[in-house]
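**Student:** dropping the sequence and predicted coords here.
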Amino acid sequence: MSVRWETEGLQTVGIVCLVIMFLKLMHLLGLIDITETDDSSDSDLELSTVRHQPEGLDQLQAQTKFTRKELQSLYRGFKNECPSGLVDEETFKSIYSQFFPQGDATTYAHFLFNAFDMDRNGSIRFEDFVIGLSVLLRGSVTEKLNWAFNLYDINKDGYITKEEMLAIMKSIYDMMGRYTYPCVRDEAPSEHVDKFFQKMDRNRDGVVTIEEFIETCQKDENIMNSMQLFENVI
Amino acid sequence: MAAGVAAWLPFARAAAIGWMPVANLPMPVAPAEKNKRQDELIILNVSGRRFQTWRNTLDRYPDTLLGSSEKEFFYNEETKEYFFDRDPDVFRSVLNFYRTGKLHYPRYECISSYDEELAFFGIVPEIIGDCCYEEYKDRKRENAERLMDDQEDNKDAKLPNMTFRETMWRAFENPHTSTMALVFYYVTGFFIAVSVITNVVETVPCGSAPNQKEVPCGERYTVAFFCMDTACVMIFTVEYLMRLFAAPSRYRFMRSVMSIIDVVAILPYYIGLVMTDNEDVSGAFVTLRVFRVFRIFKFSRHSQGLRILGYTLKSCASELGFLLFSLTMAIIIFATVMFYAEKGSSSSKFTSIPASFWYTIVTMTTLGYGDMVPKTIAGKIFGSICSLSGVLVIALPVPVIVSNFSRIYHQNQRADKRRAQKVQKARLARIRISKTGSSNAFLHSKRNGLFNEALELTQLPYKMNLSDQGSTEDEKRLSKSTSLLESQHHHLLHCLEKTTNHEFVDEQYYQQSYLEGGLQNYPSRSPSLSSQDGVTGTCCTRRTKKHHTPLPNASAPAHMQPLTHTHTHPQGLQELSTIHIQPLSTSRSSLNMRVDEPAPLNCQSSQITTAIISIPTPPVTTPEGDARLPAGPAHQNVVKVSAL
């Protein structure tokens, strides 16, 4: 009896298989239209057609301290790497990581991206890029220090807390990678943060404000010297 | 570095200001830009076609001709442009490489002319982008095979001073070299045929006496067949022994396929001689006789087509494997289904799943003997699906095998054609010579021949350069002025090191320093600059060597090295934590050259004491100055004090 059921069952299965194959064949030939869901592939196209044209050369010249030729040369490099005129965070991370092959530069690149992306819309336009560069390369020491403070202050509330600094420090140490001499111990970032706070936090309230920061940096010879280091980069 | 990324280097360096407030150590001095000129357009005139580009674009790859000062040799003062007497079409690809960072290989271009252009402009072909790399490699392989065929043909010229053994071996391998060889070749061929036919005829039933059953001829004319067999085996044995004697490498010969076939072909006879009329083993003896049929494979020495077939099958091993695997899968599936489908029907031949295998195989290969036929409806449905899918599964890998076979076959045809053509060319050359009757034409044709050879010779060393980078060409390039871009990138990395107060090292060194963590060594330091340079050089080179894959410019590692040597170091305090033991046996030049050899770095991770040695060192800014520092002090004056 069970054998009979088996064979009948198999018979049914066989017939079902045949019917399905027949339907598929019809669909293939275009005689029937078995509509499927999911046309999501088209939506990807939209993002890539977003383009951005920068403001005119004159406006940028007014906003930054670069000469016309320098702006032209900067834009050429920028456009070469990002033809759409916008850098999104992923591209930014991959570009920045190429300079630090041994370590993981993505976290630091994330912080850097936020520092450059002034209007917080998730992408850096050429204007943001060039204004940021103008501050870094042609700005006064105070402006540069301001920029650095802005970088460290992750939530942009005007205070650098120990957690923020620890995150930044960890990301910097991440860029070194595994193979360093001496080996990076796990406590190294937090020790570095402690040293930093010791130096910067005058009133020992656990946060560093912009005034404390600028004041301390202006008193430190090394930091002042190193700020002038990249004057002639462009 | 990638072309586009190079444009972002100023940005990365500017962003390094973010590390400055955090760093505890002073930063190294930035590399000076000697003559900072505004970016200007330069004109490259390639055989009349003018290309224009920015100077910076070309400077991205400083180890190529266009990126270095080598192009000054081609500068034309009157027209203020760089003139190259090369192919403008290929130059297009070359220039696009500078612009986009990707080298493309155009399909219509001849592979050797493309290679020559790349060699001229100093570009390593390995950096051809993934989109074109397959095509390039395929064409290169084809070309190499063609060249190898040519070389093999040239080898046929008889060399003087060959020993008897070598002559014999050559005679065996190339029968057309001498008459004796040809005779031998045909005689062995004849005997192989005779032997095979004998084996076949042996089993044919000869006419029999009316009252006896039919006997095969072998049993009727035992003596005759035995004599024939003996004669053939004698010839084969002698031939095998002679080959064994003449082979240049006996061990390799014995392992080769042909020799194994030879042995298997003649062994049954000898085994049969040894064990005579022993009833127990006669069964085994019969099995052995089967191996006599392997004599037919000896024909492959005589037939090139057979060899090609064998070679094809060997080269398509993966496709054949896939075919086999997919067939096996399908057989098992369908056999199972058929068995269960047919279980119900009475007197079904599908007694078990292995029994169904036979049906499945016969059906899938569309043989359809008809000895096993499904009777139920389900069985028939699945049986038809089985035969349809069989056709598909078998048809899939077959074109791959066919195309491989055809490629190899055509190559052999080409070799034959070319041999014929060479004769033709030589003939035409001789005609030309006799027509002009002057020595000039002769010299001209000789020069052409030599020129082509010379070109090949210059290609070969270049090709060798690609495999081992420690060659003289690289050395020359390394001693040239280094790229600003590279020095800036290194300065950036050095700033990061200073910020975190750790140094980049390579994996080997890192592991070594942990393996030998016990020993305490206090090095004495030679003049700090050279040793520091040397070691940082190796550390940085290892780093760049290890991770140059994300950077498309494959020649970057070879080039990055001298820059690390010219690395300027902080003028002022140098802490003990950054002191290493100079590797004893490496000199500066060897550090330069051997990128891929691990230098025996003996850096131990010392238990660092808190002593700080301050050595005021003058900052060295010129690369030439460093290059002139002798390598001597680099590996002298190192004293290893063993653990206290």
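**Tutor:** In hand now; what should we look at?

**Student:** list the contacts for A:Gly177?
**Tutor:** A:Phe100, A:Gln102, A:Gly103, A:Asp104, B:Phe504 (Cβ atoms under 8 Å, 6 or more residues apart in numbering or on different chains). (Glycine included, C-beta is placed from N, CA and C.)

**Student:** reduced to three states, what does the third one come out as?
**Tutor:** I take that to be A:Gly103. coil (DSSP: H, G, I helix; E, B strand; the rest coil).

**Student:** next up, the contacts around residue 172.
**Tutor:** All of this is about chain A. Per Cβ under 8 Å, 6+ apart, neighbours of A:Ile172: A:Tyr108, A:Pro189, B:Trp19, B:Val22, B:Leu496, B:Thr499, B:Thr500.

**Student:** meant chain B actually
**Tutor:** Counting by Cβ under 8 Å, 6+ apart, the residues that B:Phe172 touches are B:Ala181, B:Phe184, B:Met242, B:Arg243, B:Ala246.

**Student:** quick one, which of those are buried?
**Tutor:** Using 16 or more other Cβ atoms under 10 Å in any protein chain shown as the burial test, the contacts of B:Phe172 include B:Ala181, B:Phe184, B:Arg243, B:Ala246 as buried.

**Student:** SS state for the second one?
**Tutor:** Going by three-state DSSP, the secondary structure assigned to B:Phe184 is helix.

**Student:** how near is it to B:Pro175?
**Tutor:** 7 Å (Cβ to Cβ, to the nearest Å).

**Student:** same question for the third one.
**Tutor:** Shown here: B:Arg243 relative to B:Pro175, a distance of 13 Å by Cβ to Cβ.

**Student:** which secondary structure element of chain A has the lowest mean pLDDT?
**Tutor:** Among the helices and strands of chain A, helix A:43-49 carries the lowest confidence by mean pLDDT, DSSP states H and E, at a mean of 52.

**Student:** quick check: mean pLDDT across the helix or strand harbouring A:Glu8?
**Tutor:** Assigned by DSSP states H and E, A:Glu8 belongs to helix A:2-29. Helix A:2-29 comes out with an average pLDDT of 82.

**Student:** all helices for the stretch 101-250 of chain B, in order.
**Tutor:** B:111-120, B:130-154, B:164-173, B:179-202, B:217-220, B:222-246, B:250-255 (DSSP state H, counting those that start in this stretch).

**Student:** quick one, which of those helices is packed in tightest?
**Tutor:** When you average the neighbours per residue for each of the helices of the stretch 101-250 of chain B (mean count of other Cβ atoms under 10 Å in any protein chain shown), helix B:111-120 leads with a mean of 18.

**Student:** give me the contacts around that helix.
**Tutor:** So helix B:111-120 is contacted by B:65, B:86-87, B:90-91, B:93-94, B:105-106, B:124-125, B:136, B:139-140, B:142-143, B:455, B:458-459, B:462 (Cβ under 8 Å, 6+ apart).

**Student:** residues from the stretch 351-500 of chain B in reach of chain A?
**Tutor:** Residues of the stretch 351-500 of chain B found near chain A (Cβ under 8 Å from any Cβ of the partner chain) are B:376-378, B:381-382, B:385, B:488-489, B:492-493, B:495-497, B:499-500.

**Student:** in helices, which of these appear?
**Tutor:** B:377-378, B:381-382, B:385, B:488-489, B:492-493, B:495-497, B:499-500 (DSSP state H).

**Student:** how about a markdown table for these, with distance to A:Cys17 and pLDDT added?
**Tutor:** Output for those, formatted as a markdown table (distance: Cβ to Cβ, whole Å; pLDDT from 0 to 100):
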| residue | distance to A:Cys17 | pLDDT |
| --- | --- | --- |
| B:Ile377 | 12 | 89 |
| B:Ala378 | 10 | 88 |
| B:Ile381 | 7 | 93 |
| B:Phe382 | 8 | 93 |
| B:Ile385 | 7 | 92 |
| B:Gln488 | 67 | 80 |
| B:His489 | 63 | 81 |
| B:Leu492 | 64 | 84 |
| B:Leu493 | 63 | 84 |
| B:Cys495 | 68 | 84 |
| B:Leu496 | 64 | 85 |
| B:Glu497 | 67 | 84 |
| B:Thr499 | 67 | 83 |
| B:Thr500 | 65 | 82 |
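
**Student:** filter those residues down to the buried ones.
**Tutor:** B:378, B:381-382, B:385, B:488-489, B:492-493, B:495-497, B:499-500.

**Student:** out of these, which is nearest to B:Thr79?
**Tutor:** B:Thr79 lies nearest to B:Gln488 out of those, by Cβ to Cβ, at 33.0 Å.

**Student:** for the closest one, give its distance to A:Ser84.
**Tutor:** 27 Å.

**Student:** same question for B:Val274.
**Tutor:** 84 Å.

**Student:** between these two, point out the one with more neighbours.
**Tutor:** Neighbour totals were compared for B:Val274 and A:Ser84, and A:Ser84 leads with 15 against 8 (other Cβ atoms under 10 Å in any protein chain shown).

**Student:** what subset of the contacts of helix B:111-120 is buried?
**Tutor:** Buried subset of the contacts of helix B:111-120 (neighbour count, 16+ other Cβ under 10 Å): B:65, B:86-87, B:90-91, B:93-94, B:105, B:124-125, B:136, B:139-140, B:462.

**Student:** turn those residues into TSV, including distance to B:Leu118 and pLDDT.
**Tutor:** Below are the buried ones among the contacts of helix B:111-120 laid out as TSV (distance: Cβ to Cβ, whole Å; pLDDT from 0 to 100):
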residue	distance to B:Leu118	pLDDT
B:Leu65	10	88
B:Arg86	11	91
B:Asp87	11	91
B:Val90	8	92
B:Phe91	11	92
B:Ser93	9	91
B:Val94	7	91
B:Tyr105	10	91
B:Val124	8	86
B:Pro125	5	84
B:Tyr136	10	89
B:Arg139	13	88
B:Lys140	12	88
B:Tyr462	9	46
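
**Student:** for these, work out which two are farthest apart.
**Tutor:** Longest span within the buried ones among the contacts of helix B:111-120, Cβ to Cβ: B:Leu65 and B:Arg139, 23.7 Å.

**Student:** quick check: the residue of chain A nearest chain B.
**Tutor:** Residue of chain A nearest chain B, by Cβ to the nearest Cβ: A:Gly77 (2.7 Å).

**Student:** wait, isn't that residue in contact with B:Ala12?
**Tutor:** No - using Cβ atoms under 8 Å, A:Gly77 is not in contact with B:Ala12; the gap is 11.9 Å.

**Student:** done for today, thanks.
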